[in-house]
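Peer 1: Have a look; sequence and predicted model below, questions after that.
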Amino acid sequence: MNIAIVGTGYVGLVSGACFAEMGAHVTCIDVNEDKIKKLSNGEIPIYEPGLDEIVLRNQREKRLVFTTNLRDCLDNVEIVFSAVGTPPDEDGSADLKYVLEVARTIGRYMNKYLILVTKSTVPVGTAQKVKATIQEELDKRNVNIEFDVASNPEFLKEGAAINDFMSPDRVIIGVESEKAKALMTKLYRPLMLNNFRVIFTDIPSAEMIKYAANSMLATRISFMNDIANLCELVGADVNMVRKGIGADSRIGNKFLYPGCGYGGSCFPKDVKALIKTAEKKGYEMQVLKAVEQVNENQKHILFNKLNKLYKGQLENKTVALWGLAFKPETDDMREAPALVIIDSLLKAGCKVRVYDPVAMDECRRRIGNVVTYANDMYDATLEADALILLTEWKQFRLPSWGVVVKSMREAIVIDGRNIYDPKDMIDLNIKYSCIGR
């Protein structure tokens, strides 16, 4: 099959590479000429384990190509995926200008039947806007060309995206016609042969499923953070509470880990967008508003713990941060708790030393040189008055505490992910603080 994917961001590039790995001939399109040039030369712009190998292999085997011109490939493809960005507007709703621009381009230049499939996360009702936009352009041309729209939301976890695509929990496809269903079935047949679930729905339901799934996961995280904060006040251990409620088969143990708040490109944006979608329909998402507020508060909790330890006297203190990305195995810092904590520390007059295995360049791009970028995790702790762990990278799990303590001015460790044993910290004479214990 010949398909096109518009947008070579995280979703578009991973999807394009994986479809090519499954045997499809994929053309990836982006308006950013420099990005396309780099991709054509084998330079991968994002960090995702295993992605570079798949991209390079399928480029060599001529199943994956990159271009800036959507118009030229429309006559040769059966399906076009729209994986362009849907950034939040100032009011929190999803900005659909890039999605609709793709639709306009297709309406202007298509000459035969094709399906435009929305891969980006978009509000319920977007497919109808896309369909109307294409039809409007066809009407301007005074041509009658059959087409379909579909919704195929992505459920990729950063750091595990390749496996999520190739071995999915489920594939959701919203369609309006049997013709579209047959063509999408043909594309996803390799996954169906391996007994992965491909679920066909109507389009509005497919659009809603993505928002509902991410909002549920965000809700579990904020719920556990709320419980963790209460555990500290009443003397309970949130780890024991988490295990106890997770053993209930109705609840399960996924996404019950407390921490310093969720971030990334999906949860914050999707929760906001679903709240805004409801408001436009005259309905208030009371639970999600609370989820969002809890998460914003949680991003300040580690700074508040440090500030309390030093009784508000943080000026000229040196604070080391381990981890900058919002989660391990990615360099993504969108909505990362690290950005909030760095801002609070700098406003309090602290000197900040940071280290992350892959997100240093991304941090420098976002905030410049207002912090000191350490050479390694131990260099970050040099002459530090406190160490805050923000991202649970594997290399942070078993540090040489003797080296850490010796390099610090004062042995204070604030664990934002609960990965260390409090008893071990006591034995090492480290002043230790974590979440919910």
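Peer 2: Thanks, I have it.
Peer 1: What are the boundaries of the strands in the chain?
Peer 2: Along the chain, counting by DSSP state E, strands occupy 2-6, 25-29, 64-67, 79-82, 115-118, 148-151, 171-174, 198-201, 318-322, 351-355, 372-373, 386-389, 412-415, 431-433.
Peer 1: Can I get those strands in JSON lines including distance to R397 and mean neighbour count?
Peer 2: Glycine gets a C-beta too; all of them are placed from N, C-alpha and C. Converted to JSON lines, these look like this (distance: least, Cβ to Cβ, whole Å; neighbours: other Cβ atoms under 10 Å):
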{"stretch": "strand 2-6", "distance to R397": "37", "mean neighbour count": "24"}
{"stretch": "strand 25-29", "distance to R397": "36", "mean neighbour count": "24"}
{"stretch": "strand 64-67", "distance to R397": "36", "mean neighbour count": "20"}
{"stretch": "strand 79-82", "distance to R397": "38", "mean neighbour count": "26"}
{"stretch": "strand 115-118", "distance to R397": "39", "mean neighbour count": "26"}
{"stretch": "strand 148-151", "distance to R397": "39", "mean neighbour count": "25"}
{"stretch": "strand 171-174", "distance to R397": "34", "mean neighbour count": "22"}
{"stretch": "strand 198-201", "distance to R397": "37", "mean neighbour count": "15"}
{"stretch": "strand 318-322", "distance to R397": "10", "mean neighbour count": "26"}
{"stretch": "strand 351-355", "distance to R397": "15", "mean neighbour count": "22"}
{"stretch": "strand 372-373", "distance to R397": "22", "mean neighbour count": "16"}
{"stretch": "strand 386-389", "distance to R397": "10", "mean neighbour count": "26"}
{"stretch": "strand 412-415", "distance to R397": "11", "mean neighbour count": "24"}
{"stretch": "strand 431-433", "distance to R397": "15", "mean neighbour count": "18"}
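Peer 1: For I199, list each beta-bridge partner.
Peer 2: I199 has these beta-bridge partners by DSSP bridges: I172.
Peer 1: Run through the helices of the stretch 151-300 of the chain in chain order.
Peer 2: The residue ranges that make up the helices of the stretch 151-300 of the chain, judged by DSSP state H, counting those that start in this stretch, are 161-166, 178-193, 203-234, 238-246, 267-280, 286-298.
Peer 1: Now render these as a markdown table, adding mean neighbour count and mean pLDDT.
Peer 2: As requested, the helices of the stretch 151-300 of the chain are arranged in a markdown table below (neighbours: other Cβ atoms under 10 Å; pLDDT from 0 to 100):
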| stretch | mean neighbour count | mean pLDDT |
| --- | --- | --- |
| helix 161-166 | 19 | 94 |
| helix 178-193 | 15 | 94 |
| helix 203-234 | 19 | 97 |
| helix 238-246 | 16 | 96 |
| helix 267-280 | 20 | 93 |
| helix 286-298 | 17 | 98 |
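Peer 1: got TSV for these, with distance to L346 too?
Peer 2: Output for those, formatted as TSV (distance: least, Cβ to Cβ, whole Å):
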stretch	distance to L346
helix 161-166	33
helix 178-193	47
helix 203-234	24
helix 238-246	30
helix 267-280	22
helix 286-298	19
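Peer 1: now the strands of the chain as a markdown table including distance to G282?
Peer 2: Shown next, in a markdown table, are the strands of the chain (distance: least, Cβ to Cβ, whole Å):
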| stretch | distance to G282 |
| --- | --- |
| strand 2-6 | 34 |
| strand 25-29 | 38 |
| strand 64-67 | 44 |
| strand 79-82 | 29 |
| strand 115-118 | 25 |
| strand 148-151 | 24 |
| strand 171-174 | 24 |
| strand 198-201 | 25 |
| strand 318-322 | 43 |
| strand 351-355 | 45 |
| strand 372-373 | 49 |
| strand 386-389 | 43 |
| strand 412-415 | 43 |
| strand 431-433 | 44 |
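Peer 1: and K254, which of these is closest to it?
Peer 2: When these are ranked by distance to K254, counting by Cβ to Cβ, first place goes to strand 171-174 at 18.6 Å.
Peer 1: how about the strands of the chain in TSV, adding mean pLDDT and distance to F19?
Peer 2: Output for the strands of the chain, formatted as TSV (pLDDT from 0 to 100; distance: least, Cβ to Cβ, whole Å):
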stretch	mean pLDDT	distance to F19
strand 2-6	98	6
strand 25-29	97	5
strand 64-67	97	9
strand 79-82	98	8
strand 115-118	98	11
strand 148-151	98	15
strand 171-174	97	12
strand 198-201	95	14
strand 318-322	98	37
strand 351-355	98	36
strand 372-373	98	37
strand 386-389	98	38
strand 412-415	98	40
strand 431-433	97	46
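Peer 1: Relative to F223, which of the ones you listed is closest?
Peer 2: Taking Cβ to Cβ as the criterion, strand 412-415 is the member of the strands of the chain that comes nearest to F223, at 20.3 Å.
Peer 1: Can you pull out the residues in contact with that closest one?
Peer 2: Contacting residues not belonging to strand 412-415 are listed as 302, 305-306, 309, 385-389, 420, 425, 430-435 [Cβ atoms under 8 Å, 6 or more residues apart in numbering].
Peer 1: Just the pLDDT at E158, thanks.
Peer 2: We note a pLDDT of 87 for E158 in this prediction.
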